Structures are given as C-alpha cells and as structure tokens.
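*Asks:* have a look at this prediction, sequence included:
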Amino acid sequence: MKALLKHRELILVAAIAVLIGLISLRFPAFIAPRNMVRVFDDTSILAILALGQMLVILTRCIDLSMAANLALCGMVMAMLNAAFPGIPMPLLLAVGISLGAGLGAINGLLVWKLDIPSIVVTLGTMTIFRGSIFLLSSGQWVNAHQMSDAFKALPRAVMLGLPVSSWIAIAVIGLFVLLMSRTPLGRSFYAVGVNPTASVYTGIDVGRTRFFAFTIAGAVAGLAGYLWVARYAVAYVDIAGGFELQIIAACVIGGISIAGGIGTVGGAVLGALFLGVVNNALPVINVSPFAQMAISGAVIVIAVIFNARNERKKGRIILKKAEKAEVAP
Amino acid sequence: MSLVKSLIATTALTAAMFSFAAPAQAQTRIALLVKSLGNGFFEAAARGAEEAAAELGDVEIIYTGPTEPTAEAQIEVINALIAQQVDAIAISANDPDAVVPALQRAMDRGITVISWDSGVAPEGRAMHLNPSSNELIGNTIIRLAADHLPEGGEVAILSATATATNQNIWIEEARKVLPEYEGIDLVAVVYGDDLSDKSYREAQGLMQTYPNLDAIIAPTTVGIVAAAQAVTDAGKIGEINVTGLALPSEMAGHIHSGASQSFAIWNPIDLGYSAAYIAHALATGEATANEGDIIGIGRVGEVMIGENGEAAMSDPFTYDASNVDEFAEIF
C-alpha cells in the first residue's frame, strides 16, 4: 500500500477517476466517451505547455512568460495567415515554433549568461512579449473571417476518432518521454535540479541545460500559440491572459517539485488533465462563479500540501556510532 | 513644454485664420473633436456629422483631433479651435477631467461645448450624448434573441466576469424587460471572465446542460466570439443563435457562417450625426440643455437631457448579414 502511494501518477489517476465519477453523479452525460474526447482535446494545449514548463521547473527555474510567448507567436501566425493566406500550414507552423523557441532562448540566455533569477527574467519578458503584441497589432484583433479555412480547420480535423490537436498533444507527450528517458539532455535536467553543484563535477553545464529547458519551453509555447488561435479563431493582445498560472498549477498538481529535480512526463500530463476535468466540469455542475474560483484554488493548495508531505526528506544519519552512543547510556 | 507647443499651435492657427479671413462666418462652424485621427470609428462619426450638416444646410463640420490619443494633445487642439472661433465643439474626450479647463475657456468665449461617446465632467460641457443607455441595452440584448424566436424559446446569457459592473447592470435591465417578451425563458447566466478559453467552455457547458437552448446572448465581445465558435464547432449552427454586443469587424465571419443572426452595438455614423444636430441646435439657440429638455436629432429621433446633463441617443444599432461588411471596414 505504501509503495503504491509513492506512485504519484497512480494517485492522480485515481483522483481523476473519482472526480469524473462524482461529476457524473451530478451530470451523467459528462462520462460519455464523446465528452471525454472533448475534455481531452480541450486539455491538449494545457498539457503541451505543462510539459515545457516541467523542464524549466526541473532545473530549479520557472517560466512566467509562457502564456505571453504563446500569445505573441499566435498573433504573429494569425497576422501572417491573414496577410498571406497562401503560406502552407507546415511552413507557418515552423515559423511559429521557431519564433517561440527564439523567445524562449532569450529567457534562457539571460538566465544562463547573466545569472539573473528566472522569476525576474520571465516576469520582465512576459510584459515585453505582451507589449510587443500590442505594437505589432496596434491593439487590433485578427478575426475569424480574416483567417484562412485551412488555418482554422487543421486542429479540428478528426483522425481515428480524435481531433488533430489531441494527436499533436499525444505526439508531443511521446517526444517528451523519449527526451526525458533516452537522451543525455533529458537526464541532465534532473541532475541539474537535484544537485547543481554535483552536476558541474559530472561535466554538466548547469546554465546551458537551463538554456535548453527555456528554449524547448518556448518552442512548445509557439506550437500552443497556433493551437490556441486556431481553436478560438481569434487573436488579440490578451489571449491566454493569466494562463501561465494554470500551466504552473498543472505542474504542481502533477507532482513536479517547485524546488527542482522531481517530476515526470506522466505527472505533468495528469496534472493538466486533472485541471482540464475541473475546468470542463465547473460549467455543467451549476455552481456559482465565485465558488468556482474557490474550488480551483483549493484543488491547487491540496495538491501542494500533498507534495510537501511526500517530498519531506528524513534527516540523514551520518554518524551511526554517535547515534548509538547517544542512545546507549 | 506643452504650453510652448500650444502657444505655437495657437499662434500658427490664428495667423492662418487672419490670412484666409472668414467669408463663411454666416455658417455655424461645428468642430467634431475626436480622440485621435486615423481611427475608423471616428471617421465614420465624421461621415455622420457631414450628413447632418448637409441636412441642416448652413453648417460647416471641422473634423479634427490629435494624432495620438492623449489629453495633452487634445488640449492643444481645443486651444487652436478657440483661436479659430468656431461656434461649437463636440468632443470625444481622452480624459474626462484634464480637458475641462480648456473647454471652460472655450465656453467663456461663447463656444457651445458638448461631449459625445467618451464624456467630459459636467462642468466642462453643456451636455453629454451617450450612444445608448443601460435600459436600452438591456432591452436590446433580449430583443435580439427574441426577434428570431417568434415562438419563444430558451436563452442563456454568457457574460464577462461575475463582478463586471456594466454587464451586471445590463443583465439586470434585461431581466426587468423579460416579462414583455412572451415565451422567452432565460435559463441561465454564466460567466466567461472575458477569457476565450473559459467563455468557450461555458458555452459548451450551456449546450450540454440545456439541450433545447435556442440562443446565447453575450453582452461582451470576447464572449460572443468564443460562443459563436463553440456553436460552430458543436455543429449547432441554425439551432442556436449567438447574439449580443460586439464590433462588426469581429463578428463578420460568424454572421456569414450563420452562427449569429444579428448583434448590436452603437452606430458611429448615427452618433456623429446626432452630435452635430445637438451642437447645431445649442449653438444657434434653437434648444437649451437643461434637465428635461428635448432636442430633435433628425432621422434618429430626439433625445431628452437627463441627470448630469447626459442624454442617451437610441437603442444600439442592429447589425446582420445585410450591413455587417460595410461596417466591418469601419470598426
């Protein structure tokens, strides 16, 4: 039992199952397979972003600029699409993802080369990115009728019963599993988070590892920017405003330690799914909007308390003899 | 610095005035002073003012404004207009208080000052023309849904945040007029917080919770666009009509797809038209702007001056497939 409880992923799966069960007591249609697909699809953007954030948090940093990065990339792609509807989708996506990676790399460079705490760097770049959107668009919206049909249709196209946006999320999850378990870079994210000093002695460049974490986080934000803008068929300065907190919340619920070094791909995805289920359930179970905020907040706090308990390290006994000597008399 | 600038501007304009003299003094010269030039909304208002001028006959419209939307820049323009000795200034202000001293100076020189669209504090103008009133908006959003439901039906409101003052007042007014619309049943009010993702989910939630829903009313632009997209994605175009308040440029696509039959917002042309009519009536002494006074505004009807010298023009203007493209170019 204790061994089971140690597997946070299993606990989360159980928690999500219980949650879905409780919701369907109140609103039976929630558990219908079609609705489950819809909830998963709705959560795909959050899951992708949570994976990017996971890398950053693993290296003892945090990226507050992801939602602003998403918005900037989304706006650039929407504006490009509106101005040149002929650009093929793969090229447009490549532009968005590279732009996102570039913006993430700026964060990474500032953290790496100037050694500024990441919370300060990304707090700054967050507002810079938002400001840039305003400068680019002069506050104008890019609306549904200005976007090409191909641009809007891609994430909605259904393949093998799932929309493409869900398949993109699944592909990203697959890539992250490979990255984390099969590549030296993936392992170094953990090493840097667990013990940066020791990492240096094993030949891992801590700053460089963090740089890559920010760059990858930026790239997924760019990808998510496209999915967001195409899904809601609108781009304006404030899209995904405040979403950075949802991303971090998904990571925390998924058991990724804010102190760095602890966390799994499965955890991040399940954390996002948990929030996705809550977000999609609140509108149908008929609770007041004020209670909704309190519920979302309470869920996060409970998850953090849970984490803190699990991660508490027992004091390590270094001198067995001394301990015995103390106990003996 | 600002003083020097305004002095230069004033001197330059005064000089210009002297050199060109003023053969058109018999006319009423109305300055339509906007927040900033180059904004489609205000260009449309100027078109309306020109239309009013053509109907009134002896009116010249001076469409002017600063290049950047700041109160300082607007004050310079006001000073220049005082120097030009215009008969009336109709202003959409960048700041309700900062422009008051300059406008008071204008009124001291006998210039009629009214504000429209974006108001000025009562001491800085004779009256303020609001595009609409809370009562009219509350009624309009229900009527928009009811127009397409001759047999009645279930409607739901998707608002901004639960604490948004404007939306809450409009919803309250909407509830008051509900009994006048027979068969229209307001089943829920939900809040999308003016976030695309939350509004979209709330719209999906409405469709799931109320399978017989006929219309979603969103008196907020983020909400109406998100709801229209949610209805489109759910394949319920034709079953559920999304309506509410939005700008034509934002809704043109959803009007053409059929997700929305119609929506409403003020019409800038009518607003400029009415402002010109009122400015003319007050400047020529045909009307006064005391509480309870009624001023005719041509084809739009008439306005009654209410509390604080404020008046409401009309119901918000309804946009549908027949006119949305024309206005989408404007704002």
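*Replies:* Arrived safely, thanks for sending. Residues are numbered from 1 along each chain as shown, chains lettered A, B, ... in the order given.

*Asks:* where does the residue in the stretch 151-300 of chain A positioned nearest to chain B fall, phi/psi-wise?
*Replies:* Among the residues of the stretch 151-300 of chain A, A:P283 lies closest to chain B, at 2.6 Å counting by CB to the nearest CB. For every residue, glycine as well, the C-beta is placed using N, CA and C. The phi/psi pair for A:P283 (degrees, to the nearest 10) reads phi -70, psi -30.

*Asks:* check contacts around it.
*Replies:* Contact analysis of A:P283 by CB atoms under 8 Å, 6 or more residues apart in numbering or on different chains lists B:V190, B:R201, B:E202, B:Q204, B:G205, B:L206, B:T209.

*Asks:* could you redo the last one with a cut-off of 10 Å?
*Replies:* Applying CB atoms under 10 Å, 6 or more residues apart in numbering or on different chains, we find A:P283 in contact with A:27, A:289, A:292, B:188, B:190-192, B:198, B:200-209.

*Asks:* give me the neighbour count for the closest residue to it other than its chain neighbours.
*Replies:* For A:P283, the nearest residue in space outside its immediate sequence neighbours is B:G205; the separation is 2.6 Å by CB to CB, 6 or more residues apart in numbering or on different chains. Other residues near B:G205 come to 23 when the count uses other CB atoms under 10 Å in any protein chain shown.

*Asks:* helix or strand for B:G205, just tell me which one.
*Replies:* Taking DSSP states H and E as the criterion, the element that holds B:G205 is helix B:196-209.

*Asks:* quick one: mean pLDDT for that helix?
*Replies:* Averaged across helix B:196-209, the pLDDT comes to 93.

*Asks:* is chain A contacted by the next helix or strand along the chain from it?
*Replies:* Beyond helix B:196-209 in the direction of the C-terminus, DSSP H and E gives the next helix or strand as strand B:213-218. No - for strand B:213-218 and chain A, the contact criterion (CB under 10 Å from any CB of the partner chain) is not met; the two come no nearer than 12.5 Å.

*Asks:* OK, contacts around the residue lying closest to A:N307 once chain neighbours are set aside?
*Replies:* If the residues on either side of it in the chain are set aside, A:N307 comes closest to A:G255, at 6.1 Å by CB to CB, 6+ apart. Going by CB under 10 Å, 6+ apart, A:G255 touches A:7-9, A:11-12, A:262-264, A:266-268, A:270-271, A:303, A:306-307, A:310-311.

*Asks:* ok, residue 185 - contacts?
*Replies:* The chain I'm using is chain A. A:L55, A:L179, A:I204, A:R208, A:T209, A:F212, A:A213, A:I216.

*Asks:* you answered for a different chain; I wanted chain B.
*Replies:* If you count contacts by CB under 10 Å, 6+ apart, then B:D185 has B:L149, B:G152, B:G153, B:E154, B:V155, B:A156, B:L178, B:Y210, B:N212, B:D214 around it.

*Asks:* tell me the two of the residues you listed that are most distant?
*Replies:* B:L178 and B:N212 (17.8 Å; CB to CB).

*Asks:* helix or strand next in line after the helix or strand bottoming out on mean pLDDT in chain B, which one?
*Replies:* Within chain B, confidence by mean pLDDT, DSSP states H and E is lowest for helix B:2-20 among all helices and strands, at a mean of 49. Later in the chain than helix B:2-20, the nearest helix or strand by DSSP H and E is strand B:28-33.

*Asks:* average pLDDT across that following strand?
*Replies:* Per-residue confidence for strand B:28-33 averages out to 93 on the pLDDT scale.

*Asks:* what does stretch B:213-228 give?
*Replies:* Per-residue confidence for stretch B:213-228 averages out to 93 on the pLDDT scale.

*Asks:* let me see the contact set for the closest residue to chain B within the stretch 101-250 of chain A.
*Replies:* Using CB to the nearest CB, the point where the stretch 101-250 of chain A gets nearest to chain B is A:H145, with a distance of 3.0 Å. For A:H145, the residues meeting the contact criterion (CB under 10 Å, 6+ apart) are A:82, A:233, B:249-257, B:324-325, B:328.

*Asks:* ok, and the most crowded of those residues?
*Replies:* Comparing the contacts of A:H145 on neighbour count, B:M251 comes out first with 31 neighbours (neighbours: other CB under 10 Å).

*Asks:* spatially nearest residue to that one, not counting backbone neighbours?
*Replies:* Using CB to CB, 6+ apart and skipping residues adjacent in sequence, the residue nearest B:M251 is B:F263, 5.6 Å away.

*Asks:* quick one: buried residues of the helix or strand that contains the one you found?
*Replies:* Secondary structure from DSSP H and E places B:F263 in strand B:262-265. Of the residues in strand B:262-265, those buried by neighbour count under the rule 16 or more other CB atoms under 10 Å in any protein chain shown are B:S262, B:F263, B:A264, B:I265.

*Asks:* just stretch A:85-97 next, same as before
*Replies:* Residues of stretch A:85-97 classed as buried by neighbour count (16+ other CB under 10 Å): A:I87, A:M89, A:L92, A:L93, A:V95, A:G96, A:I97.

*Asks:* could I get the CA-only coordinates of that stretch as CSV?
*Replies:* Written as CSV, here are the backbone C-alpha positions of stretch A:85-97 (Å, rounded to 0.1, in the frame of the first residue of the first chain):
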residue,chain,number,x,y,z
PRO,A,85,-3.2,33.1,-46.9
GLY,A,86,-1.1,31.2,-49.4
ILE,A,87,1.6,30.3,-46.9
PRO,A,88,1.4,26.5,-46.4
MET,A,89,0.5,25.3,-42.9
PRO,A,90,3.7,23.4,-42.2
LEU,A,91,5.8,26.4,-43.0
LEU,A,92,3.6,28.7,-40.9
LEU,A,93,3.9,26.2,-38.0
ALA,A,94,7.7,26.1,-38.4
VAL,A,95,7.8,29.9,-38.2
GLY,A,96,5.6,29.9,-35.1
ILE,A,97,7.6,27.2,-33.3
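
*Asks:* does that stretch come close to chain B?
*Replies:* No - no part of stretch A:85-97 sits close enough to chain B to count as contact by CB under 10 Å from any CB; the gap is at least 13.7 Å.

*Asks:* give me the below-cutoff pLDDT ranges for chain A.
*Replies:* A:1-6, A:310-329 (pLDDT under 70).

*Asks:* roughly how far apart are B:L245 and chain A?
*Replies:* When distance is defined by CB to the nearest CB, to the nearest Å, B:L245 is 15 Å away from chain A.

*Asks:* ok, how many other residues are close to that residue?
*Replies:* Other residues near B:L245 come to 25 when the count uses other CB under 10 Å.

*Asks:* find the nearest non-adjacent residue to it, please.
*Replies:* Excluding the flanking residues, the one nearest B:L245 by CB to CB, 6+ apart is B:P219, at 4.8 Å.

*Asks:* quick check: the gap between the one you found and B:L186.
*Replies:* Spatial separation of B:P219 from B:L186 under the definition CB to CB, to the nearest Å is 13 Å.

*Asks:* joint contacts of these two?
*Replies:* Residues touching both B:P219 and B:L186 comprise B:I157, B:I171, B:A174, with contact defined as CB under 10 Å, 6+ apart.

*Asks:* so the first one, which of the three states?
*Replies:* What that stands for is B:I157. The assignment at B:I157 comes out as strand when based on DSSP: H, G, I helix; E, B strand; the rest coil.

*Asks:* same question, the second one
*Replies:* Of the three states, B:I171 takes helix under three-state DSSP.

*Asks:* which strands and helices lie in contact with the strand holding B:F263?
*Replies:* Helices and strands touching strand B:262-265, by 3 or more CB pairs under 10 Å, 6 or more residues apart in numbering or on different chains; DSSP states H and E, are helix B:134-147, helix B:221-233, strand B:241-244, helix B:248-257, strand B:317-320, helix B:324-328.
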